[in-house]
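Student: Sequence plus the predicted model coming up.
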Amino acid sequence: MQTETTFEKHVKLGISTLNYDAHNIEAATIEGLLIPICQIIKKELEAIAVHVNAHKNVNDTISELNKVRTEAERLLSHFEFTIAVLASKSDEELAAIKEKHHTIRDLYSKIVSKDCFAIVPLKHVVVTFHDKIILEMFKVFKKCFKVKRNGQGKFTFNSDNHSRLKIVLRRLELAVEHYPQVASFEKEDLFYQARSTSTWQELQKSAIIRKILTEEEAYVSFQEFEHTNNLGHIIIKNVNQHGLLNFKGAFNFVKDMVSIGSRARIAETHALLRLVNPSIDEAFQLWNLPEHPFVSAFLALGLPILGYDDLIHVPRLFPRITKEVIFEEYSKGTINKICPMAKTEIEAPILPGTREEIVEELFAPSESKIPIRILSDERLNLKESSTSMFKGMVRKVTRVITGAEFSEAQEEGHDGLEESIVIHIHGGGFVAMSSASHRCYLNRWVKNTKVIHFSIDYRLAPKDPYPAGLDDVWQGYLWIMNYAENILGIKTKRVLLVGDSAGANLALALSLRLIRAGLQPPTGLLLFYPALTIDPHTSSPSTFQAISDVVMSPSILKLCVQAYLGDNGYKYKEDPFICPLLASDELLEKLPPTRVVVGSKDPFHDDSWRLLSKLRGLNKDAKLIVHEHIKHGYLNHPDLKNYHLYIDDACETIKELLTPSIPE
């Protein structure tokens, strides 16, 4: 019979039943959460020391255990500092506590009294720490140390234990890095306050909480997707190490898929281990897997067939947004102010040639142009991008079979949306994907709403860092607004600008840029799980949840930020076109009706609430839709249970924002 550890006894007391639920967490005290966790960690670390000291041979696993012990002790010092400060009764006592914890005191320079601690967000972080780190640490330790009946410990070595120790170590390092950031929240921050306050009660009137899946259903669905993501790591590893076009490469791939891919826990370990210190190339390769021709073709098999789906390539005809322009705005102090452009600067030039010649040029790809995908449920009278007679015949036959043979012009009478369009900007961390890999939901939106969609393929980092992507969506948007009706015959009376993740960042930044230039913003703005704060030095309770995420790993997110901004000296703490949450009231108050959609388990969840708070504070038409138990990027997971309901929900929001009754 194995000896029950202190930790196992503690788990039975119920702390692990607390989850990321504000009502449960706020009923507890921070001391009540921290003190027992500190006691558990100390006892477990004492047990580790006994076991490690009993082994004379120092190997990689023993070395990793010592690193884990050291990092856990560092985190303990943060917890003990918090407990001590909250118990202090005078400034002198606080000064003595800071002196005692001199190695970390500089991280808490904003803590000048115990009232400065951001207690509410800290409680969320501590419970997340327990669920994501302590529980995992205990599982690993339990596998490492087998306790015999006589009470003597036996240390077991295997590669999985060693790998999981590395993963626990990385999570501890992230906790040590982010804990002080959350502890030092400004009092003005929305998440400094309890959900029971009048501020939150009023704000929740503009929020819609939807529960399509239960917590268990969502967990199972996302686990299936995450396992697929883990298999992607195996593919990337084999491609980079051996290639797949030779016998050795193919053999190693099959071997890994059988030995690793067939076992979910091992595949997860493999993926998480690769995320401890990820290679920038491999990380972005993984996100770009849906762009591979074979993968793309396979994914397209399950898509609704549309009447039109093709790329045009538009020239850059409007004033460029360049690094030099951005730095000039920094120097003048106008980056966050309305500065109308002269009419002569922004006026659309007359295009040379006949309409046929202009259209012909649109279907000629060039690196100097911006690809824009046009998606329509109807057949459009545009020049086919391919001269292949066979391709055209296949398309025609497919349309007839699937009932997608429609009239040449835009069909009228679709709920008053016949003169409306959607302009879409895809996600992918600014470094990956395209409109093609986002058709899993775009095709369904088009089919459901009958509205023509334009999806802009902007340049990607690190090859083309900020503001290249912003310039592309700016150029693409202005081209559509100035030429789509005359050149393509597509009416643009009402325009909904939509983006997801990094694309939502660009959609909001583009809207702010239009307002800054004195131009008309879109009719409506729809942001799915937007990246609103691109600052590697800030954290929040929801971003802390990503500590165990195999898709939205903090390591990957950090690489995305580095790739997007580079070492170019951008003032991301001042620039609203990098961090739209920093936008001034002067810009925000001119935004169109805005809807933000996010999952409750999304790392960007908290910033979505912060944006809603700013917009409602300006009396803007703004709402937040929160899908309970849902993680980031769910629109790109068509295998998600009840996926069609999430699509329907999005389409209803699109129709709402494009309905003429919505104020301009």
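Tutor: Sure, I can see it. Numbering: from 1, shown residues only.

Student: element containing F138, please.
Tutor: Applying DSSP states H and E as the criterion places F138 in helix 135-144.

Student: Pull out the buried residues from that helix.
Tutor: Using 16 or more other CB atoms under 10 Å as the test for burial, helix 135-144 gives 136-138, 140-141, 144. Just so you know, the C-beta spots here come from the backbone N, C-alpha and C atoms, and that holds for glycine as well.

Student: ditto for stretch 190-205
Tutor: Residues of stretch 190-205 classed as buried by neighbour count (16+ other CB under 10 Å): 190-193, 195, 200, 203.

Student: what sits up against that stretch?
Tutor: 22-23, 26, 118, 120-121, 185-186, 540-541, 606, 609-610, 612-613, 616 (CB atoms under 8 Å, 6 or more residues apart in numbering).

Student: for stretch 606-613, same thing?
Tutor: Stretch 606-613 is contacted from outside by 189-191, 199, 203, 206-207, 527, 529-533, 540-543, 580-581, 596, 598, 602, 622-624, 626, using CB under 8 Å, 6+ apart.

Student: pLDDT check: weakest of the buried residues of stretch 190-205?
Tutor: Ranked by pLDDT, those bottom out at R195, which scores 87.

Student: backbone phi and psi for that one, please?
Tutor: Here is the backbone geometry of R195 (degrees, to the nearest 10): phi -70, psi -20.

Student: where's it relative to Q204, distance?
Tutor: 8 Å (CB to CB, to the nearest Å).

Student: where along the stretch 551-664 of the chain do the helices fall?
Tutor: In the stretch 551-664 of the chain, the segments counted as helices under DSSP state H, counting those that start in this stretch are 554-565, 585-588, 605-617, 643-658.

Student: which of these has the lowest average pLDDT?
Tutor: Lowest mean pLDDT of those: helix 554-565, a mean of 90.

Student: Give me the packing partners of that one, helices and strands only.
Tutor: Contacts defined by 3 or more CB pairs under 8 Å, 6 or more residues apart in numbering; DSSP states H and E place helix 554-565 against helix 280-287.

Student: Looking at the helices of the stretch 551-664 of the chain, spot the one closest to A87.
Tutor: For those, the distance to A87 is smallest for helix 605-617, at 28.4 Å, taking CB to CB.

Student: Give me the number of neighbouring residues for S366.
Tutor: Neighbour count of S366, defined by other CB atoms under 10 Å: 10.

Student: Excluding sequence neighbours, find me the nearest residue to it.
Tutor: Counting by CB to CB, 6 or more residues apart in numbering, H313 is the residue found nearest to S366 once chain neighbours are left out, at 6.1 Å.

Student: so who does that neighbour touch?
Tutor: By CB under 8 Å, 6+ apart, H313 lies in contact with 362-366, 369-372.

Student: likewise F129?
Tutor: 37, 175, 179, 544.

Student: As JSON lines, the residues you listed with distance to H644 and pLDDT would be great.
Tutor: JSON lines is the format used below for the contacts of F129 (distance: CB to CB, whole Å; pLDDT from 0 to 100):
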{"residue": "I37", "distance to H644": "42", "pLDDT": "86"}
{"residue": "A175", "distance to H644": "38", "pLDDT": "90"}
{"residue": "Y179", "distance to H644": "40", "pLDDT": "93"}
{"residue": "F544", "distance to H644": "32", "pLDDT": "84"}
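
Student: May I ask which of the residues you listed has the most neighbours?
Tutor: Neighbour counts for the contacts of F129 were taken using other CB under 10 Å; the highest belongs to F544, with 27 neighbours.

Student: and it, helix, strand or coil?
Tutor: helix (DSSP: H, G, I helix; E, B strand; the rest coil).

Student: Could you check how far it is from I647?
Tutor: F544 sits 30 Å away from I647, going by CB to CB.

Student: Next: N66.
Tutor: To I647, N66 is 50 Å away according to CB to CB.

Student: Look at the two and report which has more neighbours.
Tutor: Taking neighbours as other CB under 10 Å, N66 and I647 compare with I647 leading, 19 against 14.

Student: And what about the residue nearest to the more buried one when sequence neighbours are not counted, helix, strand or coil?
Tutor: Leaving aside its sequence neighbours, I647 sits nearest to R444 (CB to CB, 6+ apart; 4.8 Å). On the three-state scheme (three-state DSSP), R444 is labelled helix.

Student: ok, now which ones touch R444?
Tutor: Counting by CB under 8 Å, 6+ apart, R444 touches 304, 644, 647, 651.

Student: Out of the contacts of stretch 190-205, which end up buried?
Tutor: 22, 118, 120-121, 185, 540-541, 606, 609-610, 612-613, 616.

Student: Which two of these have the greatest separation?
Tutor: Taking CB to CB, no two of those sit farther apart than A118 and R616, at 22.1 Å.

Student: Could you list the low-pLDDT ranges of this protein?
Tutor: Applying pLDDT under 70 to the chain flags the ranges 1-24, 55-59, 145-160, 233-235, 237-266, 270, 383-416, 661-664.

Student: before we move on, back to that, restricted to buried residues, select the contacts of H313 in PyMOL.
Tutor: In PyMOL syntax, the buried subset of these is picked out as below (16+ other CB under 10 Å):
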select buried, resi 362+363+369+370+371+372
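
Student: Out of the contacts of H313, name the ones that lie in helices.
Tutor: Among those, DSSP state H puts L362 in helices.

Student: tell me which of the contacts of H313 is nearest to D281?
Tutor: Among the contacts of H313, P371 lies closest to D281 (CB to CB), at 23.3 Å.
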